[in-house]
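In: my questions concern the predicted model and sequence given below.
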Amino acid sequence: MRVPFTKMQGAGNDFVVIDATRQPFSLTAEQMRLLGDRRFGVGCDQILVIEPATQAGADFRYRIFNNTGDEVEHCGNGARCFVRYVVDAGLTDKRQVRVDTMNRRLLLTLQDDGRVTVDMGPPVFDHAALPFDAKGLTPRGVNGFELWPVEGVEVAVVSMGNPHAVQRVDDVQTAPVLTLGPRIEHHVSFPRRVNAGFMQVLARDRIVLRVFERDAGETLACGTGACAAVVAGIRLGWLDAAVEVQTLGGQLRIEWAGGQSPVLMTGPAMKVFDGEITL
Ligand SMILES: N[C@@H](CCC[C@H](N)C(=O)O)C(=O)O
């Protein structure tokens, strides 16, 4: 099967984008693993599939698969690349696009400087939503929020549509992201596993973040991870309402006014090349 695709990246988090607005998407999990393989395929952190809208009020539907072939709920950097793709491919002439993911409707705005702002919706702290099973764990309350003891460190748990466990570290460069990340990802308290964030607070409006993503391992940036880290930092009293997040692959701006207000994420989205692969 010949599969046309577009390679894209947002702050170095990289994607194979498949346009399924004209023909149905039919790749198996095995074919997606091959597509995502950096040696035997194209290589990417996630595969993004763009489909026609199925719900009233939406412009498109957007599905996300980790490079393991597992379908997941959300991808923030991918959302920015999605809107860049649909505008550049002429699939819409709107600069504000509404898109449905597995469990959220996102509003995306293409800015004049080429960056994209995504209304990611509100964060969710309900443990069932992550899911997070706190049985046997005693939290430490900080500023009315909780830090949970997991794998010998304290994590804040937040869902941005997908699950995140965020910890504060003194030095993100030397943090044990590659060894502790997978242990947190697979910890028994997270039945559907979790994305593990490591944040260093530089100032109340500036953090450095590394994320060990569920399935994909450490990536150069994780958009939902940046939102989760800033939300956790605000709830814990460490951060202000607008924060610049430095990732390994670029900078994201995250804003959250608290409560049920949506988290806003602004950052880059770039095409790398078009291609075609036979699977
Ligand atoms: N890179 C993404 C998140 C992709 C999904 C994640 N690995 C998961 O399994 O939840 C982002 O930019 O948010």
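Out: On my side now, so go ahead. Residues are numbered from 1 along each chain as shown.

In: tell me how many other residues crowd the closest residue to residue 130 other than its chain neighbours.
Out: Excluding the flanking residues, the one nearest residue 130 by C-beta to C-beta, 6 or more residues apart in numbering is residue 163, at 4.1 Å. (C-beta placed from N, C-alpha, C; glycine too.) Other residues near residue 163 come to 27 when the count uses other C-beta atoms under 10 Å.

In: list the contacts for residue 163?
Out: Residues in contact with residue 163, defined by C-beta atoms under 8 Å, 6 or more residues apart in numbering, are 130-132, 157, 190, 192-195, 214.

In: what parts of the stretch 51-200 of the chain come near the ligand?
Out: 66, 72, 75-78, 162, 195 (C-beta under 6 Å from any ligand atom).

In: thinking again about what came up before, bridged to the residue nearest to residue 130, which residues?
Out: residue 159 (DSSP bridges).

In: again with residue 199
Out: Where residue 199 sits in a bridge, its partners, by DSSP bridges, are residue 168, residue 209.

In: just residue 96 next, same as before
Out: Counting by DSSP bridges, the residues bridging with residue 96 are residue 109.

In: in strands, which of the residues of the stretch 51-200 of the chain next to the ligand fall?
Out: 66, 72, 195 (DSSP state E).

In: got TSV for the residues you listed, with pLDDT, neighbour count and distance to residue 47 too?
Out: Output for those, formatted as TSV (pLDDT from 0 to 100; neighbours: other C-beta atoms under 10 Å; distance: C-beta to C-beta, whole Å):
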residue	pLDDT	neighbour count	distance to residue 47
66	98	21	8
72	97	25	10
195	98	27	17
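
In: what does stretch 179-193 rub up against?
Out: Contacts of stretch 179-193 (C-beta under 8 Å, 6+ apart): 130-135, 137, 148, 150-151, 153, 155, 163, 165, 194-196, 198, 212, 214-215, 217-218.

In: also stretch 249-266?
Out: With C-beta under 8 Å, 6+ apart, stretch 249-266 has contacts from 9-13, 76, 80, 111, 115-123, 160, 219-221, 223, 226-227, 230-231, 234, 241-245, 267-268.

In: with only the CA atoms kept, save that stretch in CSV.
Out: In CSV, the C-alpha atoms belonging to stretch 249-266 read as follows (Å, rounded to 0.1, in the frame of the first residue of the first chain):
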residue,chain,number,x,y,z
GLY,A,249,13.4,21.5,21.0
GLY,A,250,11.9,24.9,21.4
GLN,A,251,9.8,27.3,23.5
LEU,A,252,6.1,27.2,24.3
ARG,A,253,4.0,29.8,26.1
ILE,A,254,1.4,28.4,28.5
GLU,A,255,-1.4,30.5,30.1
TRP,A,256,-4.0,29.4,32.6
ALA,A,257,-6.3,31.6,34.7
GLY,A,258,-7.3,28.8,37.1
GLY,A,259,-10.5,26.8,37.8
GLN,A,260,-12.4,25.8,34.7
SER,A,261,-10.7,28.3,32.4
PRO,A,262,-9.0,26.7,29.4
VAL,A,263,-5.3,26.3,29.2
LEU,A,264,-3.8,28.2,26.2
MET,A,265,-0.7,27.0,24.5
THR,A,266,1.2,29.0,21.9
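
In: kind regards, and thank you for your time.
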